[in-house]
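Undergrad: only geometry, no sequence info:
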């Protein structure tokens, strides 16, 4: 018995999105979400996340968010890291001008740290795919650089040190501004760099000078954390908008090739999929086509109303879908007519499937207003695609001829197209 789930894409039930949410996407767009996650519930989840003041990525999308950031922020983080190393190295010129007593220590320390950092960057940006690690590189370098630089200042006897320490604000500013993935890193960065900076500064200056540094540093710290928070929030909102764009494009695509009432392929989609499948088959492939038509459907609509007629169409679609295999292509072909392409199927197997469908549909009762029941039936035409043929239109024509014959023979039965006729 051929049983299984028909390969049908489900149209999201909630397609009530605003015009501001609908964004065009090219057919070749690289979507972030797989189709199985483009559901109505996920659509609502994305919209709710965008409406919140504090933007958070829903847990089920965290993996995709990190992949998205790895794609779009990787180059930015790489160049920021290289620029940061060169900036740290260039400050040797300031040490050479202002602190000649420690110029050799400054040169060696800066050169060693920059070489090590560059080697780490080369390795991680080539082989590491974890964007969290890459996002935390610069803040870590800033903490190490701040500690090293303040240590160098402690070796100097030059009175300019009391003024030069304000350059330490550069480390917290650079450490926070480069963070793009998570604001949580900014909090850790601020704690780490600030602890190192305050420890070094308080060992160098005390009293009013220390208080003055704290006030200035605190202002820069607050500003850099706000900018970091805004950057990471914008990154999350941009990602959620891309997800929404994926969902909307998927929903619109579904509307284009799915029959709204039955959720099956529509005629256009069937022709495209069936033609593509047939052209790929080898000349020895055996395939059959079923053409189904509801008997006296107009009478059902006239007697019970179009709402009952719609229910009949949905029931027929559901029963037929359950009888199809995963590789079969099922569609509503028009009105009360349905069609199914069965690959790798002999004529006898296709006829058996059609007979089984006739019986199941005939035995299914529809209840109206909880008062009475009625049954409906279908006629089915079966045609086989000869191994050397790839003409879909001819196959459909032959199945339609067989369907007409089934109706002529009294309906509620199966007729097979005969090439000998």
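TA: Alright, I've got the coordinates. Here the structure is a predicted model, which means the values were calculated and not measured.

Undergrad: going forward, measure contacts between C-alpha atoms and count neighbours the same way
TA: Will do.

Undergrad: first vs last residue of stretch 58-65, how far apart are they?
TA: This stretch, stretch 58-65, spans 10 Å end to end (CA to CA, to the nearest Å).

Undergrad: same question, stretch 178-187
TA: End-to-end for stretch 178-187, by CA to CA: 13 Å.

Undergrad: Would you map the strands across this structure?
TA: Counting by DSSP state E, the chain has strands at residues 287-294, 329-334, 337-343, 365-368, 372-375, 378-385, 414-416.

Undergrad: Relative to residue 38, which of the ones you listed is closest?
TA: Nearest to residue 38, of all these, is strand 329-334, at 21.7 Å by CA to CA.

Undergrad: Now do the buried residues in the closest one.
TA: For strand 329-334, a neighbour-count test (16 or more other CA atoms under 10 Å) marks 329-333 as buried.

Undergrad: I'd like the residues you listed as a markdown table, with distance to residue 406 and pLDDT appended.
TA: Shown next, in a markdown table, are the buried residues of strand 329-334 (distance: CA to CA, whole Å; pLDDT from 0 to 100):
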| residue | distance to residue 406 | pLDDT |
| --- | --- | --- |
| 329 | 22 | 93 |
| 330 | 20 | 94 |
| 331 | 20 | 93 |
| 332 | 19 | 92 |
| 333 | 18 | 91 |
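
Undergrad: export the strands of the chain to TSV and tack on distance to residue 139?
TA: TSV is the format used below for the strands of the chain (distance: least, CA to CA, whole Å):
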stretch	distance to residue 139
strand 287-294	63
strand 329-334	55
strand 337-343	59
strand 365-368	68
strand 372-375	72
strand 378-385	66
strand 414-416	74
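
Undergrad: returning to that earlier point: determine which two of the buried residues of strand 329-334 are furthest apart.
TA: Distance extremes for the buried residues of strand 329-334: the farthest pair is 329 and 333 at 11.6 Å, using CA to CA.

Undergrad: Touching both of those two, which residues are there?
TA: residue 270 (CA atoms under 8 Å, 6 or more residues apart in numbering).

Undergrad: residue ranges with poor pLDDT in the stretch 251-400 of the chain?
TA: 253-256, 282-284 (pLDDT under 70).

Undergrad: Could I get the full set of helices for it?
TA: Applying DSSP state H, counting those that start in this stretch to the stretch 251-400 of the chain gives helices spanning 267-280, 297-304, 306-323, 347-363, 392-408.

Undergrad: helices or strands next to the first one in the packing?
TA: The reference is to helix 267-280. Secondary-structure packing of helix 267-280 (3 or more CA pairs under 8 Å, 6 or more residues apart in numbering; DSSP states H and E): strand 329-334, helix 392-408.

Undergrad: list the buried ones in it?
TA: Under 16+ other CA under 10 Å, the buried positions of helix 267-280 are 267, 269-271, 274, 278.

Undergrad: likewise the fourth one?
TA: By 16+ other CA under 10 Å, the buried positions in helix 347-363 come out as 347, 350-351, 353-358, 361.

Undergrad: Equivalent analysis for the second one, please.
TA: Burial within helix 297-304, assessed by neighbour count using 16+ other CA under 10 Å, is assigned to 297, 300.

Undergrad: which residues of the stretch 101-250 of the chain fall in helices?
TA: Ranges of helices in the stretch 101-250 of the chain, per DSSP H, counting those that start in this stretch, are 103-127, 131-155, 161-164, 169-177, 183-204, 208-257.

Undergrad: Which residues does the third one contact?
TA: Here helix 161-164 makes contact (CA under 8 Å, 6+ apart) with 153, 204-205, 209.

Undergrad: Could you export those as TSV, including neighbour count, pLDDT and distance to residue 165?
TA: Formatted as TSV, those follow (neighbours: other CA atoms under 10 Å; pLDDT from 0 to 100; distance: CA to CA, whole Å):
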residue	neighbour count	pLDDT	distance to residue 165
153	23	91	8
204	17	89	9
205	16	88	9
209	14	89	10
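
Undergrad: Nearest to residue 229 among those?
TA: Distances from residue 229 to the contacts of helix 161-164, taken by CA to CA, are shortest for residue 209, at 30.0 Å.

Undergrad: From residue 169, how far off is that closest one?
TA: Taking CA to CA as the measure, residue 209 falls 15 Å from residue 169.

Undergrad: what's the answer for residue 271, then?
TA: Look at residue 271 and residue 169: by CA to CA, they are 66 Å apart.

Undergrad: Equivalent analysis for residue 331, please.
TA: Between residue 331 and residue 169 the distance is 67 Å, computed by CA to CA.

Undergrad: now residue 147
TA: In this view, residue 147 and residue 169 are 13 Å apart by CA to CA.

Undergrad: Could you do residue 237 as well?
TA: If you go by CA to CA, the gap between residue 237 and residue 169 works out to 29 Å.

Undergrad: And for residue 64?
TA: Per CA to CA, residue 64 is found 35 Å from residue 169.

Undergrad: Give me the more crowded residue out of those two.
TA: More crowded of residue 64 and residue 169, by other CA atoms under 10 Å: residue 169, with 20 against 17.

Undergrad: Quick check: pLDDT value at the more buried one.
TA: The model reports residue 169 with a pLDDT of 91.

Undergrad: Read off the pLDDT value for the residue lying closest to it once chain neighbours are set aside.
TA: Ranked by CA to CA, 6 or more residues apart in numbering and with sequence neighbours excluded, the top spatial neighbour of residue 169 is residue 217, at 5.9 Å. At residue 217, the predicted lDDT confidence score is 92.

Undergrad: and residue 217, how many neighbours?
TA: 22.

Undergrad: How about residue 311?
TA: Neighbours of residue 311 (other CA under 10 Å): 14.

Undergrad: With residue 305 as the reference, measure out to it.
TA: Separation of residue 311 from residue 305 (CA to CA) stands at 10 Å.

Undergrad: got it, and residue 360?
TA: 23 Å.

Undergrad: Residue 362 too?
TA: 20 Å.

Undergrad: Please apply the same query to residue 218.
TA: Going from residue 218 to residue 305 by CA to CA gives 75 Å.

Undergrad: just residue 114 next, same as before
TA: Distance of residue 114 to residue 305, given as CA to CA: 80 Å.

Undergrad: Equivalent analysis for residue 82, please.
TA: Distance of residue 82 to residue 305, computed by CA to CA: 73 Å.

Undergrad: what about the residue lying closest to residue 343 once chain neighbours are set aside, neighbour count?
TA: Spatially, and ignoring its direct neighbours in sequence, residue 343 is nearest to residue 287 (4.4 Å; CA to CA, 6+ apart). Using other CA under 10 Å, residue 287 is surrounded by 22 other residues.
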